[in-house]
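Visitor: I'd like to go over a predicted model; first the sequence, then the structure.
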Amino acid sequence: MEWVPWVPEYAFTMADNHHFDPTESKPLTTELEVLAHEATAENVELSSESTPNQQHEIAQSESIEHPVAVATEFEAAVEHEPDYDSADFAEALANFDREQAAESAAAQSLTAEEAIVTGTVVKITDKHVVIDIGLKSEGLIPLEQVLDINGAPKFQPGDQVEVVVEREESEGGGYLVSYEKALRHKVWDKLEAAANEKVPVKGMVLSRVKGGLTVDIGIKAFLPGSQVEIRPVRNLDGYIGTEIEVRVIKLNKKRGNVVISRKELLEEEQNEKKSVTLATLEEGSVLTGTVKNLTDYGAFVDLGGLDGLLHITDMSWGRLTHPRDLVNVGDEIQVKVLKFDKDKQRVSLGFKQLTPDPWLDATERYPIGAQVRGRVLSVTDYGAFVELEQGIEGLVHVSEMTWSKRMKHPSKMVKPGDEVDTIILSVNPNDRRISLGMKQLQENPWEQLEDKYPTGAVIEGRVRNLTDFGAFIEIEDGIDGLVHVSNLSWTKRIKHPSEVLKKGEKVKAVVLGVEPENRRLSLGVKQLQPDVWDTFFAQHRVGDVIKGKVLRTAQFGAFVEIAEGVEGLCHISEAVDEHGTPVKLDVGDEHEFRIVKMNQDEKKVGLSIRAVGEEASRAEVESYKERDHKGSSSSSSSSSSTTLGDLINWKRSEFGE
């Protein structure tokens, strides 16, 4: 006979085949149903973790795998079991219906009333915590509802847990239950009372969510980011895992939403402290406060509900680059109230005012010439600031760092943090300035320069720099001499040193003078050659007639080149001929000039054209007198009677007129 899964209809057919009495067929069916059910229950052991649906599937699968055995047991049961009547079957069926209806009613009642039930944890899966809630199907808690701050489940198998039944799952069987709802129901009354009475509650920050934080206050509540602190908070992650005190500001029992605030409590606390602080605050008082915030211009200090500004200039008698060089957020410091505006509630604080001003006796403690040691605070283009003590710093100017002029920047000598020895050059307590020197601790090359390079000595150096007024020649490290543009050539008029010198070239020069106290060394290049003026003055005297060429003219006369590199001036009053007629002097014209003036010290020569004509006239008169004396036998008295007309007639006869 072919085996098929047992169902009541099929059992009835088999009973007809074994018992031909039609009156027993119906009770037999009832007996077989009971026997088959009991036989299945005895041969299948279900774990407490399986659901009734799973037990039914296991029973069916085992019946299908062993059809012969089940059939044999079925036939044996039919032969040995007592007969049941229809009343027993009806009663059993009624009992089953009542049980099913009772469980369904109980589940519906729990779901509708959201009553809290206690269950036992059976097992934990990757999505749910399975618990026994006293019904035929287990309860399923979503796993995320029972995780702690570290992401681990709060419960283990065997633990008791209170939940609220929400609904029956359509797939897989079981009831969906909520641990969070049970918590809300338990603490809701407390939260409502706390919200109405504005009583603070404590909670643990669990995680960061969009717009704020999740805080466990018995149930999960939302703490908006704007309600965390009085001032905006940029990083909320730092609050995770900390216990905080909050106030319930909004409840929605239907949705199960709770909104809390920490800011309200902080503001109330701040206002209480502020009232106390304002009552005792006055200018000149010394208070203890906590650094709340740092800016580039100072620090805000909480005096107890009231913030005061500690400006960077009032932090130290010295110079600070930033307030964090002295204080940090959270530091507890003592400050002095410098100014208090009650109307605007603004407080100006001072820290350096708690100690005496170190500049008051700086002159006595730092005399000029004293050697002191300090720490380099900063380096600039013009020098380095050195801290001598807290609140006292001095400047080492770049020119006081080394005798050498090759240093391009102070950073080549020192850097921040270096310990350096210096010499006090000057102290100005009123301006809070101290001038320091470093090169004074080195040997001064200028002190021995006069003996090393006496006046007239010929030296050799390299052209270091060219300016409009001359050229600087470095003769050794730290020693530069100046060749003035007027000392470059005897004969040429040099407008710029670049006309005869180039930067970097080696040249020879003559030492003209040394001034160690002013650190000046005068050099000359033209002095390597003989002075053309000295030669000219040695070869010429006043009254000499020389030939010259007009170089340039001016309103008062003309400059005439009378020798190479030597110029003379012919004044306009001297530029006339023997008849008194003005002589036009154009550039490039050549004329004969008589030297009428010479000044060797000033290197000046005065020239005249008129003097040349007058000398010629005198010579002609003397010549006429001499001829007239020889040709006449008259006495000497007659020669003296020569008239101007006789001289003119003689002059005409000379030119053949």
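Guide: Arrived safely, thanks for sending.
Visitor: every contact and neighbour count from this point should use C-alpha atoms.
Guide: Will do.
Visitor: pLDDT weak spots in the protein?
Guide: Within the chain, the stretches with pLDDT under 70 are 1-114, 170-173, 615-657.
Visitor: those helices in it, which residues are they?
Guide: 8-18, 25-43, 52-65, 67-80, 86-113, 179-197, 263-280, 362-365, 449-452, 532-539, 610-631, 636-639, 644-654 (DSSP state H).
Visitor: how close does Ile217 sit to Thr118?
Guide: 21 Å (C-alpha to C-alpha, to the nearest Å).
Visitor: again, but for Arg184
Guide: Applying C-alpha to C-alpha to Arg184 and Thr118 gives a distance of 15 Å.
Visitor: more neighbours: which of the two?
Guide: The residue with more neighbours, out of Arg184 and Thr118, is Arg184; 20 against 15, by other C-alpha atoms under 10 Å.
Visitor: need the contact list for the more buried one.
Guide: Residues counted as contacts of Arg184 (C-alpha atoms under 8 Å, 6 or more residues apart in numbering) are Gly218, Ile219, Gly256.
Visitor: distance to Leu265 and neighbour count added to those residues, as JSON lines?
Guide: Below are the contacts of Arg184 laid out as JSON lines (distance: C-alpha to C-alpha, whole Å; neighbours: other C-alpha atoms under 10 Å):
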{"residue": "Gly218", "distance to Leu265": "19", "neighbour count": "18"}
{"residue": "Ile219", "distance to Leu265": "20", "neighbour count": "23"}
{"residue": "Gly256", "distance to Leu265": "23", "neighbour count": "15"}
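Visitor: dump those to a markdown table, plus distance to Lys123.
Guide: As requested, these are arranged in a markdown table below (distance: C-alpha to C-alpha, whole Å):
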| residue | distance to Lys123 |
| --- | --- |
| Gly218 | 24 |
| Ile219 | 24 |
| Gly256 | 27 |
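Visitor: among those residues, which lie within strands?
Guide: Of the positions in these, not one sits in strands, assigned by DSSP state E.
Visitor: and Ser426, what is it in contact with?
Guide: Ser426 makes contacts with Ile368, Ile434, Ser435, Leu436, as judged by C-alpha under 8 Å, 6+ apart.
Visitor: oh sorry, the question was meant for Ser498
Guide: Leu466.
Visitor: how about 7 Å then?
Guide: Neighbour list for Ser498: empty [criterion: C-alpha atoms under 7 Å, 6 or more residues apart in numbering].
Visitor: I'd like to know how far it sits from Asp418.
Guide: Distance, Ser498 to Asp418, using C-alpha to C-alpha: 42 Å.
Visitor: which of the contacts of Ser426 ranks first by neighbour count?
Guide: Ranking those using other C-alpha under 10 Å puts Leu436 first, with 29 neighbours.
Visitor: wait, doesn't that residue sit right on Asp421?
Guide: No: assessed by C-alpha atoms under 7 Å, Leu436 is found out of contact with Asp421, at 9.5 Å.
Visitor: quick check: neighbours shared by those two?
Guide: With C-alpha under 7 Å, 6+ apart, Leu436 and Asp421 have no common neighbours.
Visitor: list the beta-bridge partners for the residue nearest to His185 when sequence neighbours are not counted.
Guide: Nearest residue to His185 in three dimensions, chain neighbours excluded: Ile116, at 8.0 Å (C-alpha to C-alpha, 6 or more residues apart in numbering). Beta bridges link Ile116 to Val164 when assigned by DSSP bridges.
Visitor: report the contact partners of Ile116.
Guide: Counting by C-alpha under 7 Å, 6+ apart, Ile116 touches Glu162, Val163, Val164, Ala182.
Visitor: excluding chain neighbours, what is closest to the first one?
Guide: Excluding its sequence neighbours, the residue lying closest to Glu162 (C-alpha to C-alpha, 6+ apart) is Thr118, at 4.4 Å.
Visitor: any idea how far Pro157 is from that neighbour?
Guide: From Thr118 over to Pro157 the distance is 14 Å, taken as C-alpha to C-alpha.
Visitor: repeat for Phe593
Guide: Taking C-alpha to C-alpha as the measure, Phe593 falls 134 Å from Pro157.
Visitor: count of neighbours near Lys210?
Guide: Neighbours around Lys210, by other C-alpha under 10 Å: 8.
Visitor: which phi and psi does it have?
Guide: phi -60, psi 120 (degrees, to the nearest 10).
Visitor: beta partners for Glu168?
Guide: Applying DSSP bridges, one finds that Glu168 bridges with Tyr175.
Visitor: related to what we said a few turns ago, which one's more surrounded, Phe593 and Pro157?
Guide: Taking neighbours as other C-alpha under 10 Å, Phe593 and Pro157 compare with Phe593 leading, 27 against 13.
Visitor: in this structure the more buried one contacts Gly543, no?
Guide: No: if you go by C-alpha under 7 Å, Phe593 and Gly543 don't touch, sitting 9.4 Å apart.
Visitor: for the closest residue to Gln527 other than its chain neighbours, name its beta-bridge partners.
Guide: Once flanking residues are discounted, Gln527 sits nearest to Val510: 6.3 Å by C-alpha to C-alpha, 6+ apart. Val510 forms beta bridges with Val458, Gly524, as assigned by DSSP bridges.
Visitor: could you do the one 4 residues further on as well?
Guide: Beta bridges link Val514 to Leu521, judged by DSSP bridges.
Visitor: identify the residue nearest the geometric centre of the chain.
Guide: Asp296 (10.7 Å; C-alpha atoms, centre = their mean).
Visitor: quick check: that residue touching Leu320?
Guide: No: counting by C-alpha under 7 Å, Asp296 sits too far from Leu320 to count as a contact (10.5 Å).
Visitor: quick one on the thing from earlier: do you know how far the residue nearest to the centre of the chain is from Phe385?
Guide: 20 Å.
Visitor: swap in Val248?
Guide: Distance, Val248 to Phe385, using C-alpha to C-alpha: 57 Å.
Visitor: could you do Asn196 as well?
Guide: Counting by C-alpha to C-alpha - Asn196 and Phe385 are separated by 63 Å.
Visitor: neighbour-wise, which of these two wins?
Guide: For the pair Asn196 and Phe385, the greater number of neighbours falls to Phe385 (23 against 11), based on other C-alpha under 10 Å.
Visitor: now that one, nearest residue through space, not along the chain?
Guide: In space, Phe385 is closest to Leu395, 4.6 Å off (C-alpha to C-alpha, 6+ apart).
Visitor: so in terms of bridging, what pairs with that neighbour?
Guide: Per DSSP bridges, the residues bridged to Leu395 are Phe385, Ser435.
Visitor: no more questions from me, cheers.
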